[in-house]
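Chemist: this one's structure only:
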């Protein structure tokens, strides 16, 4: 067993161990209902953090619109689940919804990737932000209904659908989709997370993954060696969007009223995921999962502090960034604690990862 | 006539975006960082004017001056405490995330002090405005003042950058920090000055924004901040006339699409225009194309 396989297995091991511990806590009744409600969100935020890390850390392109793909996955799957709620049994319906959510997000990832990946650096970042906002706004003005004559679609209002008496409005503009069946469970979330980890970690250690990282490190050199730069960029971006779509499916099947609101799908939400990725370590997939779980739970667990919680969170964020990244502080730490001892060991490990 | 009214409203909103975008573009040009907290400086400026005016029973001139001074201090302090230690960090994302942290911090401090409810902001401009063509075309005072202020700011900034030593130092530092240091320019101080100017402009923009749209909450600055950033990118980031053009274009498009197409989709249209422009001209309307050396 080589080093890479070992590292990958450790990542799966951590996820599975956390799952078992939480399940035991749940069965023995040690988990409050508030905490139980946080478990599924924790898994989908971990999934989308993995997706974003593929884009930011491995492909090296900053995306601040990833929640847009999550939004597409959420709405397409919720639409499917609502439309077939009475005609399909639960298990196959959810699997189909998952596939549809992932496929739609991948399709849009591909379509958006064509223009976006022509740009570079901060310009690319702002265009991903723009697409994220466009997706959110366009979905907010969709009205889709279903009746005996089939599907009705308009962008004006629910009245303009002109449906028969037996009609059922599924997507109701800014009011979104209400009553999607709650099919996502903690177990399903963990399975989706493990599959995403499997896909991303194997991609990174494959021939394609090495090509993608070569583009990240120096695209001119990569191109000169015969790497198909556009093709590999598209591939990484599409896979990243698809995984974000999977997170969206979990999201929509865990919430009663799904709306394309800024809180969940706006640029602020995308930035929150970016915070997970950066604090977990750019390019470090395991770090993303751990950071997503901790940082998602942190403000929720600080709820006791009420109004001060986000204040504390923001101060922790600033201090952590400065302590972790400031060149002067890094130099000071190395001088004071040296390269030996536990701290020195942690520092060295960090450098190797970076 | 109504089209003309909308156009002028668009120009006014565009002028506000332009003033914010000037701050964004200057900071980006020199520090190469997206200052996500810039929009929140606007909000801070608004709350200061709101509080000072309330304390002085409606004297908004003092409020504006205090807001400009305090926002300038806030900008310089933020730069010194949060951004300067991260200059030269291994990843440019580090300072971006710190800026996001600052943005959260400012929003939550405002939330603690003023609460989440929306305050109604009384306009700092008491002038009623003028009407043409027998009252058919009415232009509000705040609209005229906004457009005039933005023109004055643009002119002064252009003169400052091109004619003064400090302005030239800014240009040099944005071009090449190492070379600028060798020429005896204090790069750190120049960046601090840029933050000071940008934050002062944010306070001015805040006063105008809340006079035109008189509702004030801790999140007032976020969306205009992002739109202004889009305007700066649209015009070509780092370029001062570009920020002006981008801001005006964005304001006009937003108001016209809100009126004639759909208020729901106006943001999508605004962002759509950014996408289209960047695809045709990847560095924005007035942006410089920097050839990459191999």
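Modeler: Thanks, I have the structure now. All figures in this text were calculated on a predicted structure; none of them were measured in a lab.

Chemist: going forward, measure contacts between C-alpha atoms and count neighbours the same way
Modeler: Noted.

Chemist: Name the SS class of residue B:7, please.
Modeler: helix (DSSP: H, G, I helix; E, B strand; the rest coil).

Chemist: where does the closest residue to it other than its chain neighbours sit relative to chain A, distance-wise?
Modeler: Closest residue in space to residue B:7, ignoring its immediate chain neighbours: residue B:252 at 6.2 Å, by Cα to Cα, 6 or more residues apart in numbering or on different chains. Using Cα to the nearest Cα, to the nearest Å, we find residue B:252 at a distance of 18 Å from chain A.

Chemist: chain center to the top helix by length along chain A, what's the gap?
Modeler: Secondary structure of chain A per DSSP state H: the longest helix is helix A:90-116. In terms of Cα atoms, centre = their mean, to the nearest Å, the centre of helix A:90-116 is set 13 Å apart from its chain centre.

Chemist: just to revisit the earlier point, quick one: contacts for the residue nearest to residue B:7?
Modeler: Applying Cα atoms under 8 Å, 6 or more residues apart in numbering or on different chains, we find residue B:252 in contact with B:7, B:9-11, B:13-14.

Chemist: likewise residue B:39?
Modeler: Here residue B:39 is in contact with B:20, B:202, B:221-226 (Cα under 8 Å, 6+ apart).

Chemist: what's the answer for residue A:247, then?
Modeler: Contacts of residue A:247 by Cα under 8 Å, 6+ apart are A:44-45, A:47-48, A:70, A:73-74.

Chemist: So which of those residues are in helices?
Modeler: Among those, the members found in helices (DSSP H) are A:44-45, A:47-48, A:70, A:73-74.

Chemist: ok, and which of those reach chain B?
Modeler: Among the ones in helices among the contacts of residue A:247, no residue lies close to chain B (Cα under 8 Å from any Cα of the partner chain).

Chemist: near chain B, which residues of the stretch 251-354 of chain A?
Modeler: Contact residues, the stretch 251-354 of chain A versus chain B (Cα under 8 Å from any Cα): A:275, A:278, A:307-308, A:310-311, A:314-315, A:317-318, A:321-322, A:325-328.

Chemist: Narrow those to just the buried residues.
Modeler: Neighbour-count burial (16 or more other Cα atoms under 10 Å in any protein chain shown) applied to these gives A:275, A:278, A:308, A:310-311, A:314-315, A:317-318, A:321-322, A:325-328.

Chemist: Can you get me a residue count around residue A:119?
Modeler: Neighbours of residue A:119 under the rule other Cα atoms under 10 Å in any protein chain shown: 18.

Chemist: pLDDT wise, what is it at?
Modeler: pLDDT, residue A:119: 85.

Chemist: Apart from its neighbours in sequence, what residue is nearest it?
Modeler: In this structure, residue A:119 finds its nearest non-sequential neighbour in residue B:282, 6.5 Å apart by Cα to Cα, 6+ apart.

Chemist: Also residue B:263?
Modeler: residue B:257 (7.1 Å).

Chemist: Show me what counts as buried in the helix or strand hosting the one you found.
Modeler: Assigned by DSSP states H and E, residue B:257 falls within helix B:240-260. Buried residues in helix B:240-260, counted by 16+ other Cα under 10 Å: B:240-258.

Chemist: I figured residue B:103 was touching residue B:37, is that so?
Modeler: Yes - look at residue B:103 against residue B:37 with Cα atoms under 8 Å: they come within range, at 4.3 Å.

Chemist: neighbour count winner among these two?
Modeler: Using other Cα under 10 Å as the criterion, residue B:103 and residue B:37 rank with residue B:37 on top: 25 against 22.

Chemist: Next one: the more buried one from residue B:270, what distance?
Modeler: Distance check for residue B:37 against residue B:270: by Cα to Cα, to the nearest Å, it reads 21 Å.

Chemist: can you list the residues of the stretch 1-150 of chain B near chain A?
Modeler: Contacts of the stretch 1-150 of chain B with chain A, taken as Cα under 8 Å from any Cα, map to B:82, B:85-90, B:93-95, B:97-98, B:101-102, B:104-105, B:108-109, B:112.

Chemist: what residues are up against residue B:283?
Modeler: Residues counted as contacts of residue B:283 (Cα under 8 Å, 6+ apart) are A:123, B:233, B:236-237, B:289.

Chemist: can we see that at 7 Å?
Modeler: B:236, B:289 (Cα atoms under 7 Å, 6 or more residues apart in numbering or on different chains).

Chemist: among the residues of the stretch 1-150 of chain B next to chain A, which ones are buried?
Modeler: Among the residues of the stretch 1-150 of chain B next to chain A, the ones that count as buried by 16+ other Cα under 10 Å are B:82, B:85-87, B:89, B:93-95, B:97-98, B:101-102, B:104-105, B:108-109.

Chemist: where along the stretch 101-250 of chain B do the strands fall?
Modeler: Taking DSSP state E, counting those that start in this stretch as the test, the strands found in the stretch 101-250 of chain B are B:119-120, B:129-132, B:137-140, B:215-216.
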